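[1] what shape does this take:
(2 chains)
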Amino acid sequence: MTTATDLQLDARGLNCPMPIVKTAQAIKGLASGQTLEVLATDPGSTKDFEAWSKTTGNLLVEQSVDGGVFRFVLRRK
Amino acid sequence: MTVADVPVTPETMPQPAAAPADEKQPKGLAIICYSGDLEKTWAAMILASTAGAMAMPTKVFVTFWGLQTFVRDDVRITGENWMQKMMSFMQRPGISHRKLSKMNFLGMGPWMMRKLASQYNVASPKELLEMAAAMGVEFIPCQMTMNMFGIRREDLIEGMGEPVGAATYLSYVGEDYSPLFI
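    Residues are numbered from 1 along each chain as shown, chains lettered A, B, ... in the order given. As a prediction, this is how the structure comes out:
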């Protein structure tokens, strides 16, 4: 059971730094408080999304992994 | 809505400047892009684009061999006198024509690197440069290097800042930008 998000970004198959760069681009399309779901397969992305969230202030509200696919839900500040 | 619906324009990119005064602004990053080698150019462009994505104010001062990287890909020969022209003839300028510092093997090394990168979905230095620029990363040419190699503003890629010197770079470090030499 996953919550519905306002925007989805498929970053599966992309390598560093593209999942983060694409996320930064995508979240600009949202209003403050809206959410973005990102799917990634880069194992480094777990730490990278935490770091990106901490630096930019966009909240990482959910993260999970399912069959090698990492899922992140971010709320635009 | 999917991400494909969001137009990728400078307006949709994160802009580092406009944080409200009460919020902590991430520290800036000031990269000296000195090397023109493919592997170091790649590292510099990964860090520049990621810093842009993290909304860090980011400046890239391009100097010596690094300036060759920022000559337009379609410019073959630069310089006014024969020595300057010879220098650009011996090493082709432009971000798509970088060579590896080791294992270049007449272009076999870079060819394999590019092949592997596209196979494993790793963005090229050129793609990373374009994304960094769209996210507000500033690329600043070194005036002295331009003079020494006879490189003109019109030889360089579009959107670069005013040519400046070492003092301007160091003033960024004085303003709380972390220095990085690549």
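[2] residue B:160 and chain A, how far apart?
    Per Cβ to the nearest Cβ, to the nearest Å, residue B:160 is found 21 Å from chain A. Glycine gets a C-beta too; all of them are placed from N, C-alpha and C.
[3] does that residue count as helix, strand or coil?
    Classification of residue B:160 using DSSP: H, G, I helix; E, B strand; the rest coil returns coil.
[4] can you count the residues close to it?
    Residues lying near residue B:160 (other Cβ atoms under 10 Å in any protein chain shown) number 17.
[5] tell me where the longest helix sits in chain A.
    Assignment by DSSP state H gives helix A:45-56 as the longest helix of chain A.
[6] and it, what does it pack onto?
    For helix A:45-56, the elements it packs on are helix A:18-27, strand A:59-66, strand A:69-75, judged by 3 or more Cβ pairs under 8 Å, 6 or more residues apart in numbering or on different chains; DSSP states H and E.
[7] sheet partners, orientation included, of the last one?
    Just to be clear, that refers to strand A:69-75. Using DSSP bridges, the strands paired with strand A:69-75 are strand A:35-40 (antiparallel), strand A:59-66 (antiparallel).
[8] so which of those is the most packed in?
    The highest mean neighbour count among those, using mean count of other Cβ atoms under 10 Å in any protein chain shown, belongs to strand A:35-40: a mean of 22.
[9] quick one: mean pLDDT for the longest helix of chain A?
    Averaged over helix A:45-56, pLDDT sits at 94.
[10] check stretch B:62-71 too.
    When pLDDT is averaged over stretch B:62-71, the result is 97.
[11] how far does it sit from the chain's center?
    Chain-centre distance of stretch B:62-71: 8 Å, with Cα atoms, centre = their mean, to the nearest Å.
[12] could you find the closest non-adjacent residue to residue 56?
    Answering for chain A, as no chain was given. residue B:55 (5.1 Å; Cβ to Cβ, 6 or more residues apart in numbering or on different chains).
[13] can you look at chain B instead?
    Nearest non-adjacent residue to residue B:56, counting by Cβ to Cβ, 6+ apart: residue B:26, 4.6 Å away.
[14] list the contacts of that neighbour.
    Residues near residue B:26 by Cβ atoms under 8 Å, 6 or more residues apart in numbering or on different chains: A:55, A:56, B:54, B:55, B:56, B:57.
[15] give me the buried subset of those residues.
    Buried residues within these, counting neighbours by 16 or more other Cβ atoms under 10 Å in any protein chain shown: A:55, A:56, B:54, B:55, B:56, B:57.
[16] as TSV, those with distance to residue A:35 would be great.
    Putting the buried ones among the contacts of residue B:26 into TSV (distance: Cβ to Cβ, whole Å) gives the following:
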residue	distance to residue A:35
A:55	19
A:56	15
B:54	19
B:55	18
B:56	23
B:57	27
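[17] thanks a lot, see you next time.
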